[in-house]
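**Student:** give me coordinates for this.
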Amino acid sequence: MGDGNSLINLGELSKPATVLIEKISDATGALFEPYQIKRLAKAEVEADKIRALGKIELSSLEQRAMRRLVTEETKKQENIENITAKAVKGLKEDAKPENLERDWIANFFDKCRLVSDEEMQSLWSRLLTGEANEPGTFSKRTVELVANLDKGDAHLFTKLIGFGWELDERLHPLIYDHMNGIYFQQDINFISLNHLETIGLIKFSSVKGFIKNNCKRYTKLFYFDKSVVVKFGEEDNNILNLGSAILTQAGIELAPICGASSHPENFEYVLNVWDKLDYDYSCE
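**Tutor:** As a prediction, the model looks like this:
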């Protein structure tokens, strides 16, 4: 960033990516190529002002404040461009960035411009990609929650989603016994589940647990690349035990982009639990 060069060149990007960057530039004033010339021109004007001020005797405190301001704003611009550069790589051909709300974009970058950690920038970029692909996917409330996540929180949530089974296009972390070693190995325990509830990603009930109502006679679940059909006795209005944790709305929105991977032995563990619950199932 110190040489004034943008990390993104619009001339090398697809139409959806170009539209996205134009929307970001309009909402935030964080200008990219080919607006780089305008930004450099504006920078020259500011430099002229600083040189003019240089003719006036400034205190050492004022000089340090000016240097700090330039350094801080340069870093924020670099963060914005890094996140945007990562986001455009994941855009689909049928992405709809033109439908992004200006206020959503402004709020998004207001929250992430201070994020310099590469892993957290990747999370923010996936969030931006998802919203550009399908505007309305992530609420402002979810963006606010991500802004308050630290790296450890993000890692813990990713581990939890490693226990996630998909049912009706929604992920459910099946935590049947939080004291079992299969969960402890991934740092999922009473304390961590309470913490995830406190920060707004899940609801946790160690006593009563949660259920899925109105399941069809043949209910299909997916665990990453594996699938199972649970056969109930009634045509509908059947009940599936979901364990002690369910995702909040923010958790539901973030689960698909958290980068989770399956945990060894979890598939067989869940099947063993279902055996004890007398579920009739078949693996596909």
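**Student:** just the helices from the chain, written as ranges.
**Tutor:** 15-28, 36-54, 60-88, 102-112, 118-133, 140-147, 151-161, 181-184, 190-198, 249-254, 266-276 (DSSP state H).
**Student:** nearest to residue 224, of the ones you listed?
**Tutor:** helix 266-276 (8.4 Å; Cβ to Cβ). Glycine gets a C-beta too; all of them are placed from N, C-alpha and C.
**Student:** which of the helices of the chain sits closest to residue 234?
**Tutor:** helix 266-276 (17.2 Å).
**Student:** now what about the closest one, what contacts it?
**Tutor:** Contacting residues not belonging to helix 266-276 are listed as 162-163, 165, 174, 176-177, 180, 182, 223, 226, 228, 230, 281, 283 [Cβ atoms under 8 Å, 6 or more residues apart in numbering].
**Student:** pull the number of nearby residues for residue 252.
**Tutor:** Around residue 252 there are 15 other residues, counting by other Cβ atoms under 10 Å.
**Student:** you'd agree it is up against residue 171?
**Tutor:** Yes - the pair residue 252 and residue 171 passes the contact test of Cβ atoms under 8 Å, sitting 7.2 Å apart.
**Student:** excluding its backbone neighbours, what's nearest residue 116?
**Tutor:** Once flanking residues are discounted, residue 116 sits nearest to residue 79: 5.7 Å by Cβ to Cβ, 6 or more residues apart in numbering.
**Student:** pretty sure the one you found is touching residue 120, no?
**Tutor:** No - using Cβ under 8 Å as the test, residue 79 is too far from residue 120 to be in contact (10.0 Å).
**Student:** need the contact list for residue 143.
**Tutor:** 104, 107, 108, 111, 127.
**Student:** tell me the phi and psi of the residue nearest to the last one when sequence neighbours are not counted?
**Tutor:** Using Cβ to Cβ, 6+ apart and skipping the chain neighbours, the partner closest in space to residue 127 is residue 138 (5.8 Å). Main-chain dihedrals, residue 138, degrees, to the nearest 10: phi -120, psi 120.
**Student:** and residue 138, how many neighbours?
**Tutor:** Applying other Cβ under 10 Å, we find 21 other residues in the vicinity of residue 138.
**Student:** check residue 144 too.
**Tutor:** Using other Cβ under 10 Å, residue 144 has 13 neighbouring residues.
**Student:** surely it and residue 111 touch.
**Tutor:** Yes - here residue 144 reaches residue 111: they are 7.0 Å apart, a contact under Cβ under 8 Å.
**Student:** where among the helices of the chain is average confidence lowest?
**Tutor:** Mean pLDDT across these is lowest at helix 36-54; the value there is a mean of 52.
**Student:** going through the contacts of helix 266-276, which ones are buried?
**Tutor:** 162, 163, 165, 174, 176, 182, 223, 228, 230 (16 or more other Cβ atoms under 10 Å).
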